[in-house]
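> Model the structure of this input:
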Amino acid sequence: MALDEPKAGDHIFEADGFTFVMSRDVRELTGETITIDGSYMGMRILSRLDPDGSSRHCS
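As a prediction, the model looks like this:
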């Protein structure tokens, strides 16, 4: 996750007062549901995208 400006073709959505910008190719990999948990320790981002590079779901 990084601070960035929207580009043509990006997916833009808002949640709880925050605006998120995601490239379409990343959104296709992560799916519709992304969970972002934050605490004093940092952030955790959960999606269907496997951190090892392969999806856990079959299409």
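> What number of neighbouring residues does A8 come out with?
By the criterion of other CB atoms under 10 Å, A8 has 4 neighbours. (C-beta placed from N, C-alpha, C; glycine too.)
> nope, A15 is what I meant
Summarising burial for A15: neighbours were counted as other CB under 10 Å, giving 9.
> go on, D25?
By the measure other CB under 10 Å, the count of residues near D25 is 9.
> just T19 next, same as before
Tallying neighbours of T19 according to other CB under 10 Å, which is how burial is gauged here, yields 9.
> And for the one 3 residues further on?
Other residues within reach of M22 by the criterion other CB under 10 Å amount to 17.
> Just give the closest residue to it, not the sequence neighbours.
Closest residue in space to M22, ignoring its immediate chain neighbours: H11 at 4.8 Å, by CB to CB, 6 or more residues apart in numbering.
> what's the answer for G9, then?
In space, not counting the residues next to it along the chain, G9 is nearest to R24; the distance is 5.4 Å by CB to CB, 6+ apart.
> Give me the contact list for the helix or strand of the chain with the lowest mean pLDDT.
Here the helix or strand of the chain ranked lowest by mean pLDDT, DSSP states H and E is helix 24-30, holding a mean of 81. Under the criterion CB atoms under 8 Å, 6 or more residues apart in numbering, residues G9, D10, H11, M22, S47, R48, L49, S55 lie in contact with helix 24-30.
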